[in-house]
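J.: sharing a sequence plus its predicted fold:
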Number of protein chains: 2
Amino acid sequence: MSFLKVEQPQSFKDHAYNEIKKGIIQHKVEPGSMLYERSLSESLGISRTPLKLALQQLELEGWIQSIPRKGIVVQTINRQDVDEIFQLRKANEVLAIELLIPLLNDETIEKIEKMDNQLSDIKKDPIKFMYADSAFHLFLAELSQNHRLYQLIQNLTDHVNWYGFVALKAGKNLDEVSYEHRLIIEGLKARNLRQTTDAVLNHLDISHRTIITNLKE
Amino acid sequence: MSFLKVEQPQSFKDHAYNEIKKGIIQHKVEPGSMLYERSLSESLGISRTPLKLALQQLELEGWIQSIPRKGIVVQTINRQDVDEIFQLRKANEVLAIELLIPLLNDETIEKIEKMDNQLSDIKKDPIKFMYADSAFHLFLAELSQNHRLYQLIQNLTDHVNWYGFVALKAGKNLDEVSYEHRLIIEGLKARNLRQTTDAVLNHLDISHRTIITNLKE
DNA sequence: AGTTGGTATCTGGTATACCAGATACCAATA
DNA sequence: TATTGGTATCTGGTATACCAGATACCAACT
């Protein structure tokens, strides 16, 4: 009966992890604000044990910082953080391109284009657009066939979404992003490593600069 | 009284994390073998709650895999894993070099050389040599001034130590490693990015090949 | 003998109780 | 009035009890 798509019931820990992370990315809890295990467990309707696991994962991934006997503080965002994330993102997304280009075939290129087209369809909703843009980058990461690289890029794009969320709500260069994606796809079609990495680096540079200029101290 | 070096008492969770990880890296528990929360908590003398936190961190970092209601399995090592780790290591150690070269001054270069000399002094003990080699790479990562990059490289070198531990015990090319390090240091002294990254990539390539050839299926 | 089904006993997931450190507040003191 | 010190009450850290799913085993049945 393997054709039946079984909906995996996520554990309490995963549920808490997703909920809290979503709240942080969407600035429903602001950087620097405090959280407390007991109140969190109450509002999520779970006990502290699975919650602690979710909180530890969030801490290891750089979203929060647990201070024993004080509470949990949502990480603040500063210029240094943004720069670190983009340094990592550039190096590792370029690596993904290097790995996936030799693996490309016409079918996967078609999938990539389809994905980008879906992205154009939802320009109206900035939040959905943000997630779809991430999905585009993650799809490329997935094609690299390096699972650890995929997870790393996932975490990095999540952080970028967090950093840029406010600027994004202000209504931004969504057309510009589409154009930059087209340049990447053209590079992939040509199986041209240099052309593609240049397009990716350009894309990331623009994103980096946009976020820096929207950083309010 | 800040001149007093306060010994931070590590939490039960950190203690468990370090002990279990050390056991895995040094193959005191073999890849594929099973662990169980209750027996582990008993042998470590702690309860399951902090142990669960340690186990989750180990799982997120790729050392073990927790299977609900079955147990915990120590990750197996295959060719794909080794390749993934080295792909990441090459890209990110090169990034570290790119970042640190503009920050170099004579004093830090002196420190790097001193570190490498200490490494030569302990060629007799392969395990100590392994950790000292990692410390050399980690020191370079630290100089990049990107903390997330440092943590990433830390995890990657730990995994490489795990993969290579058996081959290392067999007594390996310790002189060769010293020579490769000298090439890296010379590149740094010359502030030559290309020369240094070539030396690093060469160093990692040799390490990669050595581990692959010692991989027994 | 082969099959079945109940049960004892594993497992990790979860809830909860208790601990010690940190803190805020307020009464007692100089 | 300013300061001190005890206490009530926060916090995260830890230990433990209980739950349901998974499994192995053995007796009962065909």
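T.: Perfect, thanks for sending it. Numbers count the residues shown, from 1 in each chain, chains lettered A, B, ... in the order given.
J.: doesn't A:His27 fall inside a helix?
T.: No: assessed by DSSP: H, G, I helix; E, B strand; the rest coil, A:His27 does not belong to a helix; its assignment is coil.
J.: ok, it - contacts?
T.: Each residue near A:His27 by CB atoms under 8 Å, 6 or more residues apart in numbering or on different chains is listed here: A:162, A:165-166. Using the backbone N, CA and C atoms, a C-beta is placed for each residue, glycine as well.
J.: contacts made by the helix or strand that contains A:Lys90 with the rest, please.
T.: In this assignment (DSSP states H and E), A:Lys90 forms part of helix A:79-100. Residues outside helix A:79-100 that contact it (CB under 8 Å, 6+ apart) are A:75, A:137, A:140-141, A:143-146, A:149, A:152-153, A:156-157, A:159-160, A:163, A:193, A:196-197, A:200-201, A:204, A:207-208, A:211-212, A:215, B:87-88, B:91-92, B:94-95, B:99, B:146-149, B:152.
J.: again, but for stretch A:149-160
T.: A:21, A:25, A:61-62, A:81, A:85-86, A:88-89, A:92-93, A:95-96, A:99, A:134, A:137-138, A:141-142, A:144, A:207, A:211, B:84, B:87-88, B:152.
J.: same question for stretch A:123-137.
T.: Applying CB under 8 Å, 6+ apart, the set of residues contacting stretch A:123-137 from outside is A:26, A:93, A:112, A:115-116, A:118-119, A:122, A:153, A:157-158, A:161, A:164-165, A:168-169, A:171-172, A:174-175, A:177-178, A:181.
J.: please save the CA atoms from it in CSV.
T.: Output for stretch A:123-137, consisting of C-alpha atoms alone and laid out as CSV, is shown next (Å, rounded to 0.1, in the frame of the first residue of the first chain):
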residue,chain,number,x,y,z
LYS,A,123,4.3,38.4,-6.9
LYS,A,124,1.3,39.9,-5.1
ASP,A,125,2.0,38.2,-1.8
PRO,A,126,5.4,39.2,-0.5
ILE,A,127,5.6,36.5,2.2
LYS,A,128,4.6,33.7,-0.2
PHE,A,129,7.1,35.1,-2.7
MET,A,130,9.8,35.0,-0.1
TYR,A,131,9.2,31.3,0.6
ALA,A,132,9.0,30.5,-3.1
ASP,A,133,12.3,32.3,-3.7
SER,A,134,13.8,30.2,-1.0
ALA,A,135,12.3,27.1,-2.5
PHE,A,136,14.0,27.9,-5.8
HIS,A,137,17.4,28.2,-4.1
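J.: per-residue confidence averaged over it?
T.: Averaging the model's pLDDT scores along stretch A:123-137 yields 85.
J.: same question for stretch A:94-106.
T.: For stretch A:94-106, the mean pLDDT works out to 97.
J.: put the alpha carbons of it into CSV.
T.: Output of stretch A:94-106 as CSV, limited to C-alpha atoms (Å, rounded to 0.1, in the frame of the first residue of the first chain):
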residue,chain,number,x,y,z
VAL,A,94,28.6,28.5,-5.6
LEU,A,95,29.6,25.0,-4.4
ALA,A,96,26.1,23.8,-5.1
ILE,A,97,26.3,25.1,-8.6
GLU,A,98,29.7,23.5,-9.2
LEU,A,99,28.3,20.1,-8.0
LEU,A,100,25.0,20.2,-9.9
ILE,A,101,26.1,21.4,-13.3
PRO,A,102,27.8,18.1,-14.3
LEU,A,103,24.6,16.4,-13.2
LEU,A,104,22.2,18.5,-15.3
ASN,A,105,19.9,17.1,-17.9
ASP,A,106,17.1,18.7,-20.0
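J.: and it, which residues are buried?
T.: A:94-97, A:99-101 (16 or more other CB atoms under 10 Å in any protein chain shown).
J.: repeat for stretch A:184-198
T.: A:184-185, A:187-188, A:195-197.
J.: gap between it and the chain center?
T.: Averaging C-alpha coordinates over stretch A:184-198 and over its chain gives two centres that are 22 Å apart (CA atoms, centre = their mean, to the nearest Å).
J.: next SSE downstream of the least confident helix or strand in chain A by mean pLDDT?
T.: Ranked by mean pLDDT, DSSP states H and E, the helix or strand of chain A with the weakest confidence is helix A:106-121, at a mean of 88. Taking DSSP H and E as the definition, the helix or strand that follows helix A:106-121 towards the C-terminus is helix A:126-143.
J.: quick check: buried residues in that following helix?
T.: So for helix A:126-143, counting by 16+ other CB under 10 Å, buried means A:126, A:129-134, A:136-143.
J.: of these, closest to chain B?
T.: For chain B, the nearest member of those is A:Ala141. The distance, counting by CB to the nearest CB, is 12.1 Å.
J.: returning to that earlier point: the helix holding A:Lys90 vs helix A:106-121, what angle?
T.: For helix A:79-100 against helix A:106-121, the angle by axes from the mean of the first three to the mean of the last three CA atoms, to 10 degrees is 150 degrees.
J.: what domains does the record give for chain A?
T.: Residue ranges for the structural domains of chain A, counted by automatic domain parsing, are given in the record as A:12-74, A:79-214.
J.: quick one: A:Glu142 from DNA strand C, how far?
T.: Using CB to the nearest atom of the strand, to the nearest Å, one obtains 25 Å as the distance from A:Glu142 to DNA strand C.
J.: tell me how many other residues surround the closest residue to that residue other than its chain neighbours.
T.: Leaving aside its sequence neighbours, A:Glu142 sits nearest to A:Tyr150 (CB to CB, 6 or more residues apart in numbering or on different chains; 5.5 Å). For A:Tyr150, the tally of surrounding residues (other CB atoms under 10 Å in any protein chain shown) stands at 20.
J.: what does A:Leu156 give?
T.: Using other CB under 10 Å, A:Leu156 has 22 neighbouring residues.
J.: do you know the pLDDT at it?
T.: Listed pLDDT for A:Leu156 reads 98.
J.: secondary structure class of it, three-state.
T.: At A:Leu156 the chain is in helix, as set by three-state DSSP.
J.: how about it: what's its closest non-neighbour residue?
T.: The spatially closest residue to A:Leu156, leaving aside those adjacent along the chain, is A:Arg89, at 4.7 Å (CB to CB, 6+ apart).
J.: with A:Arg191 instead?
T.: Nearest-residue entry for A:Arg191: A:Ile101, 5.9 Å, with adjacent residues in sequence omitted and distances by CB to CB, 6+ apart.
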